[in-house]
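J.: My questions are about this predicted structure, shown below with the sequence.
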Amino acid sequence: MPTVDPVAVTVSIVLALIIGYILLSKPPTRAAPKRAGSPPPAPKEAPTKSKLLSQPSGAAVAAQMSVMSAPAADLAPPKSTPISVAELAQCDGKDASKPIWVAIKGKVYDVTNKREMYGPGAGYNVFAGKDASRGLGMSSLDPKDAVSDYSTLNEAQMKTLDQWDSFFAKRYNIVGKVVP
Ligand code: HEM
């Protein structure tokens, strides 16, 4: 019969208690805390119109998105080809043989490679085929705001618009400028 060392037994019990305590007191995994006003988690795929419109379209969302780092694209030198409003309207994605254009402050950006975002039925189609500067500045997806006159924007909205402009300038080619 082996002798039981009382010290070893005590140490084992104490160790078991410590390990048990550590395991049991481990906090349950919690979802990341929600900060008030923070945007909902970005969907993996392009957001659909219904998804976007069911969410609060707060300025925080657009502010956050407008400063997101746009990957530097291989861009052609900006063109100043005059583009009429009617010509711009043709490039709203409905005709798949035509490019998709979005104009900001008169500059026409070619967003054709993001058809899944700007094409018909997509969340940002409201900006396609027009100069939607006011809507971008207002962080609004409402078609009635998607107009070129941005003179009514306040300072913060003007800043948001400029952030969108530089966001687009980093990733899309400028194919011309809108002429009346
Ligand atoms: C809860 C609401 C919203 C969510 C979850 C959301 C989500 C997103 C996501 C995930 C992207 C793609 C980012 C990337 O490609 O790096 C994006 C881009 C964009 N969002 Fe939103 N958005 C929301 C509301 C809005 C609103 C209100 C506007 C109105 C101005 C807006 C305008 C844009 C624009 C212009 C882009 C750039 C698309 C591109 O050319 O890549 N979004 N958004």
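T.: Cool, got the structure. Please read these numbers as outputs of a predicted model, since none were measured by experiment.

J.: is stretch 95-103 anywhere near the ligand?
T.: No. Using C-beta under 6 Å from any ligand atom, no contact is recorded between stretch 95-103 and the ligand, whose separation bottoms out at 7.7 Å. Placement of C-beta: from N, CA and C, glycine included.

J.: Sort out which residues of that stretch are buried, please.
T.: When burial is assessed from 16 or more other C-beta atoms under 10 Å, stretch 95-103 yields the following buried residues: 99-103.

J.: what do you get for stretch 76-83?
T.: Neighbour-count burial for stretch 76-83, with 16+ other C-beta under 10 Å as criterion, is recorded at I83.

J.: and what of stretch 104-123?
T.: 104-105, 107-112, 114-115, 117-119, 122-123.

J.: Next, check these against the strands and list the overlap.
T.: Those of the buried residues of stretch 104-123 mapping onto strands are 104, 107-110, per DSSP state E.

J.: mind checking pLDDT for the residue lying closest to D149 once chain neighbours are set aside?
T.: The shortest distance from D149 to any non-neighbouring residue, by C-beta to C-beta, 6 or more residues apart in numbering, is to R134 (6.0 Å). R134 carries a pLDDT value of 98.

J.: Remind me which helix or strand R134 belongs to.
T.: Per DSSP states H and E: R134 is located in helix 133-138.

J.: Check the buried residues of stretch 95-103 and tell me the two furthest apart.
T.: Farthest apart among the buried residues of stretch 95-103 by C-beta to C-beta are P99 and A103. That separation is 12.5 Å.

J.: Flag the helix or strand of this structure with the lowest per-element mean pLDDT.
T.: The weakest-scoring helix or strand in the chain, judged by mean pLDDT, DSSP states H and E, is helix 49-54 (a mean of 44).

J.: Including distance to the ligand and pLDDT, could the ones in strands among the buried residues of stretch 104-123 go into TSV?
T.: As requested, these are arranged in TSV below (distance: C-beta to the nearest ligand atom, whole Å; pLDDT from 0 to 100):
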residue	distance to the ligand	pLDDT
I104	9	98
K107	14	98
V108	14	98
Y109	8	98
D110	11	98
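
J.: Let me know whether the helix holding R134 sits next to the ligand.
T.: Yes. Using C-beta under 6 Å from any ligand atom, helix 133-138 comes into contact with the ligand via L136.
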